[in-house]
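Novice: Based on what follows, work out the 3D shape:
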Amino acid sequence: MKDPWIENEWDDLCERLQECAADMDSTADDEVTSRQEAASEFVSSDPPTRYPELLQRVAEAAGLAISWQSTS
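Specialist: This next block holds a predicted model:
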């Protein structure tokens, strides 16, 4: 059974990650493309169905965004 709250949180997380990738300032176009591709890959993965899975995905998204900050 799908949980509407988890689905909503997943959609919000995906949207924030894509915005983060798009908003990161970078002078190297390949880094921007790489960020946007990584965000698209994350977003296209299967959505979580349970709360612990959602928490794990939030941690993964945070790690991804942190890695982008260290390269800019």
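
Novice: What helix or strand is the residue nearest the centre of the chain located in?
Specialist: Taking Cα atoms, centre = their mean, the centroid of the chain lies closest to Leu17, which sits 3.7 Å from it. Applying DSSP states H and E as the criterion places Leu17 in helix 4-23.

Novice: Contacts for that helix next, please.
Specialist: Applying Cβ atoms under 8 Å, 6 or more residues apart in numbering, the contact partners of helix 4-23 are 32, 35-36, 38-40, 42-43, 47-51, 54, 57-58, 61, 64-65, 68. Backbone N, C-alpha and C define where each C-beta goes, glycine included.

Novice: follow-up on the earlier one: separation between the residue nearest to the centre of the chain and Ala59?
Specialist: Separation of Leu17 from Ala59 (Cβ to Cβ, to the nearest Å): 12 Å.

Novice: What of Pro52?
Specialist: Distance, Pro52 to Ala59, using Cβ to Cβ: 11 Å.

Novice: Return the distance of the lowest-mean-pLDDT helix or strand in the chain from the chain's centre.
Specialist: Across the helices and strands of the chain, mean confidence by mean pLDDT, DSSP states H and E is lowest for helix 29-44: a mean of 83. Relative to the chain's own centre, helix 29-44 is displaced by 9 Å; criterion: Cα atoms, centre = their mean, to the nearest Å.
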